[in-house]
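Chemist: compute the structure for the input listed below.
(2 chains)
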Amino acid sequence: MNLANKLMTGRALLLALAGVSISACVTSRVENIRENTTGLSEGEGIVIMAKSYHLGNETEAKFIACVGNSIGRGSSALRVVPNTEFVDALFPWFEPRTAPAETKGLPALMSRPGVAEKIREKGIRYVVWLDGDTDKVAGGGSMSCAAGPGGGGCFGFAWWQNDSNYEADVWDLSGLEDAGTVSADVSGTSFLPAIVIPIPLIARTQNKACNALADQLKLFIVSDEAV
Amino acid sequence: MAQKFRTSVATLIAIGIAGCGGAKVTLHNPSIPEPLIDQLPLSVMARYPAVFDNFVHEEKVLGKEKWSIDLGRSNRILFTRLFDSMFTDFEVVEGDVDSKDLTFDALIEPSIDAFEFSVPSQSQTDDFAVWIRYRIKIFDSNGVLIANWPIAAYGKSQSASFGTDEALRRAAVLAMRDAAALIILQMDKATGISKLRHANAPKSESTASPAPEDLTLQTAAEETSLDESGK
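Modeler: Okay, the predicted model is just below:
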């Protein structure tokens, strides 16, 4: 290998290392609290729901879709019933105003005409209620861009920190009880340095929280771990 | 060259102005599913106001954008689907038909008292929110007003997840579904409509027309609100 090639390889390695070290500024914590034993039989599935906005919940629809897709994919995939299909099939008992807020409302709900039959027909064993959101908690720096007849460019440095805090409450519809809670807290700092061209180094906290929560939920639901 | 430059500047200005302006959103079908409920054994008729066939609401954000939502016949579809599921015998009466010539246990006249919505630039959030205030008047078979029930419905949707037009449309649909849920849960309790079953007494001349709004027979005039468990 000649000197030019060695220099090129060294520079590429340095850039890769710098990139990894800067974009890796994400910390995550995933926890679960088990209230009851869980498990999933053949043909049984789950539905992912957002807690009601009447309770002040702001969980993003795309996060709910992401968790549903992640749980329904991969080698240990679970059967996920689309939440719109579930809510429409059980109308009006899972609307934001009418959905039960606690498991103690489940016996009354199941005694409503057709509700238990419809849940059985859809093969739904667990309802997973998602709560939480992603917020920008800090930020700083400055950047200016200019353009002229000869071209344009930006100069400066900006950064911001996002926190994604989500909690999934798992309700077991067969025992009408709370199976437990899984939570994911992900914090990350994004950077945008610019010397002529801005180079975004984004910390995808929401995406990370989605994958972490989905993986943990899969384990939590199929596990036969005792309380 | 100068012509091209002028055209480009005009296009940019037009794009800029259009970017500040809201949107016109149309909703044709509120997609209200078949409710999972037991029907009340009543013969019910409904008469809708003309606005239920063509409802358009405009909202101007001060100094900024103008939004409009055209619900078309959505309210008619909503209430027809809802009442058809709630009662064993249901029919829609057109406005020019005299209720004296009809046989029924109850005649329902829904109307819209108010419609409002907020867009993200107003609420400083990512959300579109829609509030609809309906009024449900119920007459017995003699044309006497037995209930005058105002209900407030609410729907919210995120623009980041659905895009602006779809988010507003979705918020309106959620508000209509909210109204439907509230009516299913509370109507009998708030209006006592089930007590009108088989109360088809012969109509008297003096009570055949709907009673005025300030009639003292009104019931459940207070705002209905439910907690999250629907109780």
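Chemist: in terms of helices and strands, where is A:I221?
Modeler: Assigned by DSSP states H and E, A:I221 belongs to helix A:205-222.
Chemist: who does that helix touch, helix- and strand-wise?
Modeler: On a contact count with 3 or more C-beta pairs under 8 Å, 6 or more residues apart in numbering or on different chains; DSSP states H and E, helix A:205-222 meets strand A:26-34, helix A:61-71, strand A:124-148, strand A:151-172, strand A:177-198. The way it works is simple: take the backbone N, C-alpha and C, and place the C-beta from them, glycine included.
Chemist: return the residues in contact with B:E166.
Modeler: Shown in contact with B:E166 (C-beta atoms under 8 Å, 6 or more residues apart in numbering or on different chains): B:S157.
Chemist: regarding chain B, what is its longest helix?
Modeler: When chain B is scanned for its longest helix (criterion: DSSP state H), the result is helix B:164-191.
Chemist: how distant is it from the center of its chain?
Modeler: Taking C-alpha atoms, centre = their mean, to the nearest Å, one finds the center of helix B:164-191 at 8 Å from the center of the full chain.
Chemist: tell me the mean pLDDT over that helix?
Modeler: Averaged over helix B:164-191, pLDDT sits at 93.
Chemist: report the angle between that helix and helix A:61-71.
Modeler: Orientation note: helix B:164-191 sits at an angle of 90 degrees relative to helix A:61-71 (axes from the mean of the first three to the mean of the last three C-alpha atoms, to 10 degrees).
Chemist: hang on, the earlier thing: gap between the helix holding A:I221 and the chain center?
Modeler: Distance, centroid of helix A:205-222 to centroid of chain: 7 Å (C-alpha atoms, centre = their mean).
Chemist: quick check: angle from it to strand A:177-198?
Modeler: Using the same axes, to 10 degrees: helix A:205-222 against strand A:177-198 is 160 degrees.
Chemist: how about the residues of chain A near chain B?
Modeler: Residues of chain A lying close to chain B (C-beta under 8 Å from any C-beta of the partner chain) are A:52-55, A:60-62, A:88-93, A:95-102, A:105, A:112-115, A:118.
Chemist: are any of those buried, and if so which?
Modeler: Using 16 or more other C-beta atoms under 10 Å in any protein chain shown as the burial test, the residues of chain A next to chain B include A:52-54, A:60-61, A:89-93, A:95-100, A:105, A:115, A:118 as buried.
Chemist: mind checking which of those land in helices?
Modeler: A:61, A:89, A:115, A:118.
Chemist: residues in contact with the second one?
Modeler: This points to A:A89. So A:A89 contacts A:118, A:122, B:33 (C-beta under 8 Å, 6+ apart).
Chemist: the closest residue to B:G95 other than its chain neighbours - how many residues pack around it?
Modeler: In space, B:G95 comes closest to B:R47 once its chain neighbours are excluded; the distance is 6.4 Å by C-beta to C-beta, 6 or more residues apart in numbering or on different chains. For B:R47, the tally of surrounding residues (other C-beta atoms under 10 Å in any protein chain shown) stands at 19.
Chemist: wait, isn't B:R47 in contact with B:D98?
Modeler: No - using C-beta atoms under 8 Å, B:R47 makes no contact with B:D98, being 10.8 Å away.
Chemist: C-alpha coordinates for stretch B:42-59, CSV please?
Modeler: Written as CSV, here are the backbone C-alpha positions of stretch B:42-59 (Å, rounded to 0.1, in the frame of the first residue of the first chain):
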residue,chain,number,x,y,z
LEU,B,42,-89.3,2.6,19.8
SER,B,43,-90.8,4.0,16.6
VAL,B,44,-88.7,7.1,16.0
MET,B,45,-88.7,9.7,13.2
ALA,B,46,-86.0,12.3,12.6
ARG,B,47,-86.3,15.7,10.9
TYR,B,48,-83.1,17.4,9.9
PRO,B,49,-82.6,21.1,9.3
ALA,B,50,-81.6,22.2,5.7
VAL,B,51,-78.0,22.9,6.9
PHE,B,52,-77.5,19.1,7.4
ASP,B,53,-77.4,18.7,3.6
ASN,B,54,-74.8,21.3,3.0
PHE,B,55,-72.7,22.5,6.0
VAL,B,56,-69.7,24.7,5.4
HIS,B,57,-67.7,26.4,8.2
GLU,B,58,-65.0,28.9,7.7
GLU,B,59,-62.4,30.0,10.2
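Chemist: list the buried residues in that stretch.
Modeler: Result for stretch B:42-59 [16+ other C-beta under 10 Å]: buried residues B:42-48, B:52, B:55, B:57, B:59.
Chemist: so for it, mean pLDDT?
Modeler: The model assigns stretch B:42-59 a mean pLDDT of 91.
Chemist: any stretches of the chain with poor pLDDT?
Modeler: All of this refers to chain A. A:1-24, A:224-227 (pLDDT under 70).
Chemist: that's the wrong chain, I wanted chain B
Modeler: Checking chain B against pLDDT under 70 turns up B:1-22, B:62-64, B:161-162, B:198-231.
Chemist: and the strands in it, which stretches?
Modeler: Assigned by DSSP state E, chain B shows strands spanning B:24-26, B:40-47, B:55-60, B:66-72, B:87-93, B:106-118, B:127-140, B:145-158.
Chemist: now the first one: how far from the chain's centre is it?
Modeler: Just to be clear, that refers to strand B:24-26. So, by C-alpha atoms, centre = their mean, the centroid of strand B:24-26 is 16 Å from its chain's centroid.
Chemist: again, but for the fifth one
Modeler: Chain-centre distance of strand B:87-93: 18 Å, with C-alpha atoms, centre = their mean.
Chemist: that one pairs with which strands, parallel or anti?
Modeler: strand B:40-47 (parallel) (DSSP bridges).
Chemist: nearest spatial neighbour of residue 72, chain-adjacent residues omitted?
Modeler: Here I'm looking at chain A. In this structure, A:G72 finds its nearest non-sequential neighbour in A:V80, 4.1 Å apart by C-beta to C-beta, 6+ apart.
Chemist: that was the other one, I meant chain B.
Modeler: B:H28 (5.6 Å).
Chemist: hang on, the earlier thing: list the contacts for the residue nearest to A:G72?
Modeler: Counting by C-beta under 8 Å, 6+ apart, A:V80 has contacts A:45-48, A:68-69, A:71-72.
Chemist: show me what A:L130 is bridged to.
Modeler: What pairs with A:L130, by the bridge criterion (DSSP bridges), is A:A50, A:A168.
Chemist: sweet, I'm off.
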